[in-house]
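*Asks:* predicted model, plus sequence, below.
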Amino acid sequence: LYTSFGFPAQKRYNLHFLDEDTILCALGNIAMILNLNTLAQSYIHAQSGTGIGAVVVHPSRQYIAVAEKGSSPCIYLYTYPALKMCRVLRGGATSSYNHLCFSLSGDRLASLSGSPDYMLFLWDWQEEKILLKAKAFSQEVYRVSFSPENEGQLISSGTGHIKFWKMAETFTGLKLQGELGKFGRSELSDVAAYTTLPDGKVVCGTESGIMLLWDGTLIKCELWRTGLQSCHDGMIECMMIDGDELITAGADGALRFWSVESLENADIGADGKTHEIEPLRTIFLNDLVRHVPAATTPNQEGGVTQDLPNKERVQIKDLVRSPSGNFWLVLDAAGGLWKLGVSYSSTAAEDASTVPGAPQNVPVSPSTTILSPTSTSASNPSSSRGDRGSPRLEKATQLLIFHSGSVSALAASPTSHMLISAGSDKVVHLYNIHRKQLMYSKRFKSAGTAVLWVPQDADPVGRNVLVGFANGEVRGLLRCKNGFKEIALFKPHTAAIRTLAFSRRLADNVYILASGSDDNTVFFMQVQISSTGVLSYSPLGMINAASPVSSLIWFTTSSSSTSTISSTNILPSSSSISTPSSLVPTTSPERLAVFCNDGK
């Protein structure tokens, strides 16, 4: 593998520190090791060749576990940094793994398999033996973790559930017993984030943005902000205890800091169900990142950006703390990886006036006002910073920019090392393959579905690109030094464009562009190139296809006496447009092959 320009923006629990400057993540068919300073990449390739479901780093940071996908996949253990395979765990899944977790001592490994079995296995990984196993749930399970105080207890969560586990001695030996959390009067919810408080209670997030405080398998109370406002707007994706504070984050892009002591003392109110609590402070990452220059690859020249995903609301999918605690990594589901510098203030009040690292004329939301004191108890067993104080975000740095969803189309330049991609996230990226660098990007109002680089004989410099979109539009983009310049826009279709094809030269500086769409049509545009190299587009007409069009290919016949494109097989796009026979030479040997979804 030469390089990767992608990153799994929607994958939870996929950022794992190997050391202060290096992380591990699962990415398609590889486990990628990424240096955060240089962005240099190295890889562990899947042994099965069918993908990697989950990775995790051993507490000693001397081993890496890689759980693969495929028929009866295995979990492979590698030494680090040598990356030599040292153990193989077999029999834990039918087709895939969703999550892995080492115990704090590192002696045990927990694995969660995906569909169709959804099994929880506990392994003595050094002996390559299964210790215990049990059915985790009947639907998707996102995560499993060991209790920070007792390795004989675990928690798992996922679609519509949270489950509490313990290893118990029975008449037949040691068993893994799980009890589902009982939502009772509270609305059933998917649970992506949870954490154990120092007093043993568990707090979890919900898809509606409220938090639930669990005492055993029962909900002690629902946690709301004052006035029954949800803690977050949408799914709570991340929870992390830092000293005496709980940090929560989610799809709304907000980081909220809560007093652990206040959470532990929370109890039901007069309604017998809810408890109102205010965060110590709130920081919206958009208030930080809107002032950050777009990312470029370190130590490379020429990388610039335009209209990138950080213009959209940040959607926090994952939040992890570096081994030193000096910075946090944030995975943005909108298509970015952020590094947040962290320092520790003596009082939380220092964080309540302005957004750290941003210009002073950008105030924090009024909701960030501290309404309750921060606990400074030194007895908090989960504290990772001693008496350093409250975490303060100082600086946001965008390390990576990537597509946040599927990549719908790719095209390589016929004249240079450039590559263009379009995706379901409505963003078009331009890469320099030789430099392994994202050059710049542009966001549109519709998802890109087809990309075509204008052929070299029509554009010797290789600056013109055509992009088809899900709304039926075609846009002509000119590759400039600092970004794309839009030079043409037309809408020949009513549904997504799946393919674009450029003919060979038909006359002096005359070509035909064909576009195929899900609306069962092929549309033709005449392309005229001026003496200065400027492309202009004129509509010719359309033909109907039997079903959605998936591919178009121009080819040349041996005979010059016939014409593929004639006024009898093309419907004029409007009554005012000349028929193609008056615009295209009838002796053209060019023919167009049309491939449809029905196989015809």
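*Replies:* Noted; the coordinates are in hand.
*Asks:* now do the SS call for residue 263.
*Replies:* helix (DSSP: H, G, I helix; E, B strand; the rest coil).
*Asks:* can you start the count at 855 instead of 1 from here on
*Replies:* That works, and once the first residue is 855, the last one we named lands at residue 1117.
*Asks:* please name the residues that touch it.
*Replies:* Contact analysis of residue 1117 by CB atoms under 8 Å, 6 or more residues apart in numbering lists 1051, 1055, 1057, 1067, 1077, 1100, 1131. In this view, the C-beta of every residue, glycine as well, is placed from N, C-alpha and C.
*Asks:* could you rerun that using 7 Å?
*Replies:* Applying CB atoms under 7 Å, 6 or more residues apart in numbering to residue 1117 gives the contacts 1051, 1057, 1067, 1100.
*Asks:* just residue 1403 next, same as before
*Replies:* Residue 1403 makes contact with 1352-1353, 1370-1371, 1376, 1448, 1450, according to CB under 7 Å, 6+ apart.
*Asks:* now it: closest residue in space that isn't a chain neighbour?
*Replies:* Of all residues not flanking residue 1403 in the chain, residue 1370 sits nearest, at 2.9 Å (CB to CB, 6 or more residues apart in numbering).
*Asks:* tell me the spacing between the one you found and residue 1046.
*Replies:* Look at residue 1370 and residue 1046: by CB to CB, to the nearest Å, they are 40 Å apart.
*Asks:* higher neighbour count, the two?
*Replies:* residue 1370 (27 against 24; other CB atoms under 10 Å).
*Asks:* run through the bridge partners of the more buried one.
*Replies:* Going by DSSP bridges, residue 1370 is paired in beta bridges with residue 1353, residue 1376.
*Asks:* that one contacts residue 1377, correct?
*Replies:* No: contact status for residue 1370 versus residue 1377: not in contact, 8.2 Å apart, counting by CB atoms under 7 Å.
*Asks:* once you drop chain neighbours, what's closest to residue 1123?
*Replies:* residue 1129 (5.7 Å).
*Asks:* list the residues that contact the one you found.
*Replies:* Contacts of residue 1129 were listed using CB under 7 Å, 6+ apart, and they are 1075-1077, 1120-1123.
*Asks:* just the buried ones out of those, please.
*Replies:* Buried residues within those, counting neighbours by 16 or more other CB atoms under 10 Å: 1075-1077, 1120.
*Asks:* in JSON lines: those residues, plus pLDDT.
*Replies:* Shown next, in JSON lines, are those (pLDDT from 0 to 100):
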{"residue": "1075", "pLDDT": "96"}
{"residue": "1076", "pLDDT": "97"}
{"residue": "1077", "pLDDT": "97"}
{"residue": "1120", "pLDDT": "95"}
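*Asks:* follow-up on the earlier one: of all the contacts of residue 1117, which two lie farthest apart?
*Replies:* Within those, 1067 and 1100 form the most distant pair, 11.2 Å apart (CB to CB).
*Asks:* for stretch 1319-1337, measure first residue to last.
*Replies:* 12 Å (CA to CA, to the nearest Å).
*Asks:* for it, what is the average pLDDT?
*Replies:* Here stretch 1319-1337 scores 95 as its mean pLDDT.
*Asks:* do the same with stretch 1020-1027
*Replies:* Per-region confidence: stretch 1020-1027 scores 85 on mean pLDDT.
*Asks:* quick one: the helices in the protein, in order.
*Replies:* 1114-1118, 1139-1143 (DSSP state H).
*Asks:* off-centre distance for the first one?
*Replies:* In terms of CA atoms, centre = their mean, to the nearest Å, the centre of helix 1114-1118 is set 32 Å apart from its chain centre.
*Asks:* with just CA atoms, put it into PDB.
*Replies:* Output of helix 1114-1118 as PDB, limited to C-alpha atoms (Å, rounded to 0.1, in the frame of the first residue of the first chain):
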ATOM      1  CA  VAL A1114     -18.100  14.100  39.200                       C
ATOM      2  CA  GLU A1115     -19.100  14.800  42.800                       C
ATOM      3  CA  SER A1116     -22.400  16.300  41.700                       C
ATOM      4  CA  LEU A1117     -23.100  13.300  39.500                       C
ATOM      5  CA  GLU A1118     -22.400  10.900  42.400                       C
END
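*Asks:* flag every buried residue along the lengthiest strand in the chain.
*Replies:* For the chain, the longest strand by residue count, based on DSSP state E, is strand 1244-1255. Buried residues in strand 1244-1255, counted by 16+ other CB under 10 Å: 1244-1247, 1250-1255.
*Asks:* what's the weakest-modelled helix or strand in the chain?
*Replies:* Every helix and strand in the chain was compared by mean pLDDT, DSSP states H and E; the lowest is strand 1425-1426, with a mean of 48.
*Asks:* and the two most separated of the buried ones among the contacts of residue 1129?
*Replies:* 1076 and 1120 (9.5 Å).
*Asks:* shaky segments in the stretch 1155-1304 of the chain?
*Replies:* Along the stretch 1155-1304 of the chain, segments meeting pLDDT under 70 span 1155-1166, 1200-1242.
*Asks:* now with 50, please.
*Replies:* Applying pLDDT under 50 to the stretch 1155-1304 of the chain flags residues 1155-1160, 1162-1165, 1202-1240.
*Asks:* just the strands from it, written as ranges.
*Replies:* Assigned by DSSP state E, counting those that start in this stretch, the stretch 1155-1304 of the chain shows strands spanning 1170-1175, 1181-1186, 1190-1199, 1244-1255, 1261-1266, 1272-1277, 1281-1286, 1291-1297, 1302-1307.
*Asks:* equivalent analysis for the stretch 855-1004 of the chain, please.
*Replies:* With strands called from DSSP E, counting those that start in this stretch, the stretch 855-1004 of the chain shows them at 870-873, 876-881, 884-889, 895-899, 906-911, 917-922, 929-933, 939-943, 951-956, 963-967, 973-978, 983-989, 995-1000.
*Asks:* for the shortest one, which helices and strands make contact with it?
*Replies:* Using 3 or more CB pairs under 7 Å, 6 or more residues apart in numbering; DSSP states H and E as the contact definition, the elements that strand 870-873 packs against are strand 876-881, strand 906-911.
*Asks:* could you tell me the angle between the last one and strand 876-881?
*Replies:* Using axes from the mean of the first three to the mean of the last three CA atoms, to 10 degrees, the direction of strand 906-911 lies 160 degrees away from that of strand 876-881.
*Asks:* who does strand 906-911 touch, helix- and strand-wise?
*Replies:* Using 3+ CB pairs under 7 Å, 6+ apart, the elements in contact with strand 906-911 are strand 870-873, strand 876-881, strand 884-889, strand 917-922, strand 951-956.
*Asks:* output those strands as JSON lines; include the columns distance to residue 1325.
*Replies:* Converted to JSON lines, the helices and strands packed on strand 906-911 look like this (distance: least, CB to CB, whole Å):
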{"stretch": "strand 870-873", "distance to residue 1325": "39"}
{"stretch": "strand 876-881", "distance to residue 1325": "30"}
{"stretch": "strand 884-889", "distance to residue 1325": "34"}
{"stretch": "strand 917-922", "distance to residue 1325": "39"}
{"stretch": "strand 951-956", "distance to residue 1325": "35"}
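*Asks:* possible to save those strands as TSV with mean pLDDT, distance to residue 962 and mean neighbour count?
*Replies:* As requested, the helices and strands packed on strand 906-911 are exported to TSV (pLDDT from 0 to 100; distance: least, CB to CB, whole Å; neighbours: other CB atoms under 10 Å):
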stretch	mean pLDDT	distance to residue 962	mean neighbour count
strand 870-873	98	17	18
strand 876-881	97	20	22
strand 884-889	97	21	21
strand 917-922	98	12	24
strand 951-956	98	7	24
